[in-house]
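Enquirer: Okay, sequence plus prediction incoming.
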Amino acid sequence: MNIYIDFDGTLYDTSKFFNDFIELCNKYKVTAEDVYNLRNKNLGLFNLDELALNIKNKYNLKNSFIKSTEKLYNKKYLYKDTVKFLKKYYKNHNLYILSYGETNYQSKKINCCNIKKYFKDIIITQDKSKENIDYKKGIFIDNNPKEIEKIASSGATKIIRIKRYDDRHFSIMCNVKVKEFFALSDIDMI
């Protein structure tokens, strides 16, 4: 069976990652409001490295700010149940990361986590519903209701939503019927 798993908010705690970035900015006297204002000016796909460079340039920060940003990329942001889940399913199923986002930024986060060995392939896209995937023959695991709705509109029938309490999508209703779990460890597909 093919299992397509979203990265941000499903395997990786992106909220904590970004909050730690804001804490780092605060150490350099850049407020959360400043960070969000700069982030919102870039209406394209989000890339933390570009945001960090914009902050460095706008606030005339030292290169140590960029070096400190680089140190944020590590596997500590994987949810505690991620590796156990992957180990449980990768030997008997074809696992794929199907992740929405800017390719370089997503790749950098995935690479630092040392989990690529569990996946047959990693698909980073700007529209999950337009990938060359047989949506009727896979299980899709995602946290984002909008992405789930796109996947469902492509014909997917087996969709699992992960609703992590600390995720920004937690309280958003999903307009398609899916199984919902609060953690990967709650899922038993066999």
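Expert: Good, I have the coordinates.
Enquirer: what about the host helix or strand of Glu180, average pLDDT?
Expert: Using DSSP states H and E, Glu180 maps to strand 179-181. For strand 179-181, mean pLDDT rounds to 94.
Enquirer: Now do the buried residues in it.
Expert: In terms of neighbour count (16 or more other Cβ atoms under 10 Å), strand 179-181 has its buried residues at Phe181. For glycine as for every other residue, the C-beta is placed from the backbone atoms N, C-alpha and C.
Enquirer: Make residue 1 into 38 and carry on from there
Expert: New numbering, starting at 38: the last item is strand 216-218.
Enquirer: That strand pairs with which strands, parallel or anti?
Expert: Paired neighbours of strand 216-218 in the sheet (DSSP bridges): strand 195-199 (parallel).
Enquirer: So which residue of this structure lies furthest out from the middle?
Expert: Most distant residue from the mean C-alpha position of the chain: Asn97, 30.0 Å away (Cα atoms, centre = their mean).
Enquirer: re earlier: the strand holding Glu217: how far from the chain's middle?
Expert: 18 Å (Cα atoms, centre = their mean, to the nearest Å).
Enquirer: Start and end of stretch 115-134, how far apart?
Expert: Stretch 115-134 has an end-to-end distance of 14 Å (Cα to Cα, to the nearest Å).
Enquirer: State the mean pLDDT of it.
Expert: Stretch 115-134 shows a mean pLDDT of 96.
Enquirer: Met210: what's it in contact with?
Expert: Pro182 (Cβ atoms under 8 Å, 6 or more residues apart in numbering).
Enquirer: Over to Phe177?
Expert: With contact taken as Cβ under 8 Å, 6+ apart, Phe177 is in contact with Ile40, Tyr41, Leu135, Ile185, Ile188, Ala193, Lys195, Ile196, Ile197.
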